[in-house]
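Enquirer: Mind folding the following:
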Amino acid sequence: MKMFKLTGKTAIVTGASRGIGEAIAKGFAQAGADLVLVSRNIIALEEVAKEIKTLGREALPIAADIGNPEEIQRTIDNTLKVFPRIDILVNNAGISPILMKAEEVPLREWEEIVKVNLTGTFLFCQAVGKVMIQQGGGKIINMVSVGAVVGFPRQIAYCATKGGILQLTKVLAIEWARHNIQVNAIGPAYLETELTKGMRESKIISENLLRRTPMGRFGRPEEIVGAALYLASDTSSYVTGQTLFVDGGWLAL
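Expert: Model (predicted):
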């Protein structure tokens, strides 16, 4: 459908070197967008960029730490040297901690997760938001999780950051609506990614997670692409401040 096309658009996708970010970047390219790929792993980004270029789209790989405001601004500056606009931002980069009881979580562990997941998302929204306000609009998609609304034992920092991003999404949607900027979020359940590899390889944890999922399986990164395309395209022009959960029925229980 033409409504889901991103022809002529430029999208920044963080965490684009693998998993959900890589899948979204490739999906956007297939829909006609040019991509700015952001991650710490420049080698992996360059491989993704090569694949996107085979689709006939432009791809600019940039190595950056999203917890560092100077590196975020450098990413924005380099993007605007190559592309005239930033139409779409997907804040996908994030980290998942080792499982740990709340009373045993070291402060440094808490601070690192908050810096990358929550502060990094805010800083990227803030930097790109300024550009979008000046250019008259844009789309921002933040990646949360079912953990934003359901407590995961031994993942207190992760759940706290995802809940924070959900609320951040709502506030930005309200503040920037008058600038024609739609800010939404996607909330996956457990997917087959590197971040969940340890959990999926544990028989006990894996069985418990699948028992909690009505569809009885882990999701695939490619199954997030449709939701991202919807929120990035003109199809969702009157949708803002929402979280679209792609969770195999997790929250229906």
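
Enquirer: Wait, Ala44 touches Gly15, no?
Expert: No: here Ala44 does not reach Gly15: they are 10.6 Å apart, not a contact under Cβ atoms under 8 Å. Where you see a C-beta, it was placed from the backbone N, CA and C, and this is true even at glycine.

Enquirer: Between those two, which is the more surrounded one?
Expert: Gly15 (27 against 17; other Cβ atoms under 10 Å).

Enquirer: Look up the closest residue to the more buried one, ignoring the ones flanking it.
Expert: Spatially, and ignoring its direct neighbours in sequence, Gly15 is nearest to Ala93 (3.4 Å; Cβ to Cβ, 6 or more residues apart in numbering).

Enquirer: which secondary structure element contains the one you found?
Expert: Using DSSP states H and E, Ala93 sits within no helix or strand.

Enquirer: Look up how far His179 lies from it.
Expert: Separation of Ala93 from His179 (Cβ to Cβ, to the nearest Å) stands at 24 Å.

Enquirer: that older thread, quick one, grab the pLDDT at the residue nearest to Gly15.
Expert: For Ala93, the model assigns a pLDDT of 93.

Enquirer: ditto for Met1
Expert: We note a pLDDT of 58 for Met1 in this prediction.

Enquirer: what helix or strand does Glu111 sit in?
Expert: Assigned by DSSP H and E, Glu111 falls in helix 107-113.

Enquirer: That helix packs against which elements?
Expert: Of the remaining helices and strands, those touching helix 107-113 by 3 or more Cβ pairs under 8 Å, 6 or more residues apart in numbering; DSSP states H and E are helix 156-176.

Enquirer: what angle sits between the helix or strand following the helix it packs on and helix 156-176?
Expert: Remark: after helix 156-176, the chain's next helix or strand is strand 181-188, criterion DSSP H and E. Here strand 181-188 points in a direction 160 degrees away from that of helix 156-176 (axes from the mean of the first three to the mean of the last three Cα atoms, to 10 degrees).

Enquirer: tell me the centre residue of this protein?
Expert: For the chain, the residue nearest the mean C-alpha position is Asn92 (2.1 Å; Cα atoms, centre = their mean).

Enquirer: Let me know whether that one touches Arg18 as I believe.
Expert: No: with contact defined as Cβ under 8 Å, Asn92 does not count as touching Arg18 (10.3 Å).

Enquirer: before we move on, back to that, now do the contacts for the residue nearest to the centre of the chain.
Expert: 13-16, 20-21, 24, 143 (Cβ atoms under 8 Å, 6 or more residues apart in numbering).

Enquirer: at 7 Å what do you get?
Expert: Asn92 sits next to 13-15, 20-21, 24, 143 when contact means Cβ atoms under 7 Å, 6 or more residues apart in numbering.

Enquirer: who does the lowest-mean-pLDDT helix or strand in the chain touch, helix- and strand-wise?
Expert: Across the helices and strands of the chain, mean pLDDT, DSSP states H and E gives its lowest value to helix 197-201, namely a mean of 82. On a contact count with 3 or more Cβ pairs under 7 Å, 6 or more residues apart in numbering; DSSP states H and E, helix 197-201 meets helix 203-212.
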